[in-house]
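[1] Dropping the sequence and predicted coords here.
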Amino acid sequence: MIQISPSILAADFSQLGQQCKMVLDAGADMLHIDVMDGHFVPNISLGVPVLESLHKALPQAFYDVHLMISHPLSYIQPFVDAGADLITFHLECDSPVQQTIDAIRKAGCKVAISIKPNTPAEDVLPWLEQLDMVLVMSVEPGFGGQAFMESALDKIACIRKHAQEKGLDHLMIQVDGGINPTTAAACVKAGADVLVAGSAVFRSADPKQAVANLRGQEG
Ligand code: DX5
Ligand code: ZN
């Protein structure tokens, strides 16, 4: 089952609650919350108070929180308290990986590690058994609306192959950046099952059709 996680980075922030309700009504499976600190990536986006407000307004939604920050370990509890259901941090961050995984688990959250385009898939393999999901970035993190990097496909396939060999059938593989119906199909073929899409959903005149198209279905 392919899941669609619209990135709220592409939403109209003046109407964020209504925009999130719109994409959930359109069939999205979760909401992708892109958190940037202006240090790990050259951009600042949003943080705990925004998640807290969204979670209060839409408590049933599943919150997929992507931390593009240098020190995720220091912020796990605030994001969990604000409503995160799944927390993704970057393998390239400055927090110790094992401690960060443990902190997320201890807080009762699902845990994922993300790798940037220049990080080889092999680097995440030692952690697979401990993860619910791996996020393969298909753009340099920091901004929405960038073009998909084909190099993500081999990385997805490599991780899926190793997960299968280890019997980790539950491991989700998420891909993020430049996802449209064409790149989505290529990612699913390679082994991805959670597709993040900002522009393709929030900037669509027909979000329901957009979500269906990403799943490879008719609207
Ligand atoms: C990039 C973010 C992505 C981004 C995706 O740093 O992690 O989630 O918002 O946006 P699109 O789908 O427009 O490439
Ligand atoms: Zn993201």
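    Sure, I can see it. Ligands and ions are numbered 1, 2, ... in the order given.

[2] Please point out which parts of stretch 94-103 sit buried.
    For stretch 94-103, burial by neighbour count (16 or more other Cβ atoms under 10 Å) applies to Ser95, Val97, Thr100, Ile101, Ala103. The C-beta positions use only the backbone N, C-alpha and C, and glycine is treated the same way.

[3] What residues are bridge-paired with the residue of the chain found nearest ligand 2?
    Closest residue of the chain to ligand 2, Cβ to the ion: His66 (3.8 Å). Applying DSSP bridges to His66 yields these beta-bridge partners: Asp34, Thr88.

[4] Look up how far Gly198 lies from it.
    Relative to Gly198, His66 is positioned 11 Å away (Cβ to Cβ, to the nearest Å).

[5] intersection of neighbour lists for those two?
    Residues touching both His66 and Gly198 (Cβ atoms under 8 Å, 6 or more residues apart in numbering): Ser7, His32, Asp34.

[6] Now do stretch 28-39: distance from first to last residue.
    This stretch, stretch 28-39, spans 30 Å end to end (Cα to Cα, to the nearest Å).

[7] Any part of that stretch near ligand 1?
    Yes - judged by Cβ under 6 Å from any ligand atom, stretch 28-39 comes into contact with ligand 1 at His32, Asp34.

[8] Check which residues of that stretch are buried.
    Ala28, Asp29, Met30, Leu31, His32, Ile33, Asp34, Val35, Met36, Asp37.

[9] want to throw these into CSV with distance to Lys110 and pLDDT?
    Putting the buried residues of stretch 28-39 into CSV (distance: Cβ to Cβ, whole Å; pLDDT from 0 to 100) gives the following:
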residue, distance to Lys110, pLDDT
Ala28, 17, 98
Asp29, 13, 98
Met30, 11, 98
Leu31, 14, 99
His32, 14, 99
Ile33, 14, 98
Asp34, 17, 98
Val35, 16, 98
Met36, 21, 98
Asp37, 22, 98
